[in-house]
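Asks: need coordinates for the below:
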Amino acid sequence: MTFTAMDWDSDNGNADASRDVFNTMTAQLWTPEQVSLADDAGDIRGLSDSERVALSRIFAGLSAVESLQASRATSVLSTDAGRDHAGTGQAVLTAIAFGESIHTKAYSALIAAIGGNDAQSPFDSMQKNESMQEKLRLLDEVYDTGNEISADNDDSGTGDIPDLGELKRLATAVLAQALVVESGFYLPMWLSSRGTMTESADIIRLVNRDIVTSSSYLGSVYQRRLEQLEDETRETMRQYVYDLANNLYFAEEDYSYTLPYADLGLDDDIEKFLSYNANKALSYLGYPALFPAEISQPNPAIIDELNDMESLASALKPASLFGGSGINFSSTASTSAAVGASTSPSPSSTDATAANKAEETNDDDWDF
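Replies: Presented below is the predicted three-dimensional model:
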């Protein structure tokens, strides 16, 4: 076996795309500690029981899906990328997995901030929620084939003939993010549109920004690989993707019935939001909408809130390692987003004052 190193300066077009996305993702790094959830304390005290229960269970459900994505999806997709000798692509997938882990930490922070007197822990509730478990099973069944190499795959190892299993896993990862995860963003955005829980909404906007970037990237990889297939096989993949999108949509719809949306008068608009996200997820993969416009137009205020870049720009306070200067979230070129989604340059944080004063050193200081 010959081992290779990642060449980030390769003039290969795929490496260029991976580098651009990797740079965008690293420039967008954030942690939940940078958002002051304590500012939502008054709003949290004013939540109704239904709102409190719904939010806690929604965030636990989002954590369950993103935990699966971080532990299973990106792992098998990285194996696929390695099989295709896409080293920089593997680096992007590592960044995606890291972002998903940050998201799960953020959901835990949100649940802890909400508190409440729910009879069940939100996390226990998700384990016992059959609709949630069905969604996770649908996703995991696809990822579980991650170590199998299709009989149609290229034995030469050049990756010239796409593995249909790889394409299925790419499509599933995009649907999981843009349809399943994003469908959990409705209630936080609805509350934010009413001037409530705005700091919590900023965390969801940060998650959404990450998902737009990663979904755009994975969708572009899918479309590039799909182009290498014959028309008949492309049609097979199209049908597979639409079938999976339908199954995930109905699983997500069933799951929404287990949450107290009806108590809040939001059940009708939730279905429109699910349809909207299904169409958006398909657009990342290069496919036309599944649902007609008349049933896939949610409350415009929700979309405006989700894409509120002005709020996002002020959401993060400077972060620091070892008490030093704050991270500079410099602007980078954002990846292209599909219809209905948007990316934005990363916000710039103000410079933080260094915690320690400079002091001259001499050679003896380094004699350990």
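
Asks: from now on I want contacts and neighbour counts done on CA atoms only, so please keep to that.
Replies: Noted.

Asks: quick check: pLDDT value at D254.
Replies: Per-residue confidence (pLDDT) for D254: 95.

Asks: find the nearest non-adjacent residue to it, please.
Replies: Spatially, and ignoring its direct neighbours in sequence, D254 is nearest to S131 (6.0 Å; C-alpha to C-alpha, 6 or more residues apart in numbering).

Asks: ditto for V207
Replies: Distances taken as C-alpha to C-alpha, 6+ apart put H103 closest to V207, at 6.4 Å, once the chain neighbours are dropped.

Asks: on the C-terminal side of the strand or helix carrying that neighbour, identify the next helix or strand.
Replies: Taking DSSP states H and E as the definition, one finds H103 inside helix 87-114. Toward the C-terminus, helix 87-114 is succeeded by helix 122-128 as the next helix or strand (DSSP H and E).

Asks: ok, and for the helix holding H103, which residues are buried?
Replies: Neighbour-count burial for helix 87-114, counted by 16 or more other C-alpha atoms under 10 Å, picks out 87-97, 99-111, 113-114.

Asks: tell me the confidence at the residue nearest to D254?
Replies: Among the per-residue scores, S131 holds a pLDDT of 93.

Asks: what about it, how many neighbours?
Replies: The number of residues packed near S131 is 20, by other C-alpha atoms under 10 Å.

Asks: and the spatially closest residue to N277 that is not a sequence neighbour, what is it in contact with?
Replies: Once its chain neighbours are removed from consideration, N277 has its nearest residue in L179; the separation is 4.9 Å (C-alpha to C-alpha, 6+ apart). With contacts defined as C-alpha atoms under 8 Å, 6 or more residues apart in numbering, the neighbours of L179 are L248, Y249, L274, N277, A278, K280, A281.

Asks: name the SS class of the second one, please.
Replies: Spelled out, it's Y249. When classified by DSSP: H, G, I helix; E, B strand; the rest coil, Y249 comes out as helix.

Asks: from D49, how far out is the most centrally placed residue in the chain?
Replies: Against the mean C-alpha coordinate of the chain, by C-alpha atoms, centre = their mean, the closest residue is I211 at 3.3 Å. Taking C-alpha to C-alpha, to the nearest Å as the criterion, I211 is separated from D49 by 30 Å.

Asks: and A173, its phi and psi?
Replies: Main-chain dihedrals, A173, degrees, to the nearest 10: phi -60, psi -40.

Asks: that one and S75 touch, don't they?
Replies: No. If you go by C-alpha atoms under 8 Å, A173 and S75 don't touch, sitting 11.2 Å apart.

Asks: what is the helix holding H103 packed up against?
Replies: Using 3 or more C-alpha pairs under 8 Å, 6 or more residues apart in numbering; DSSP states H and E as the contact test, the elements touching helix 87-114 are helix 13-27, helix 49-68, helix 74-83, helix 198-226.

Asks: what residues sit buried inside the third one?
Replies: The reference is to helix 74-83. Residues of helix 74-83 classed as buried under the neighbour-count rule (16+ other C-alpha under 10 Å) are T74, S75, V76, L77, S78, T79, D80, A81.

Asks: for those, which one is nearest I303?
Replies: When these are compared for distance to I303, the smallest value, 27.8 Å, is given by T74; criterion: C-alpha to C-alpha.

Asks: which residues does that closest one contact?
Replies: For T74, the residues meeting the contact criterion (C-alpha under 8 Å, 6+ apart) are L93, T94, I96, A97.
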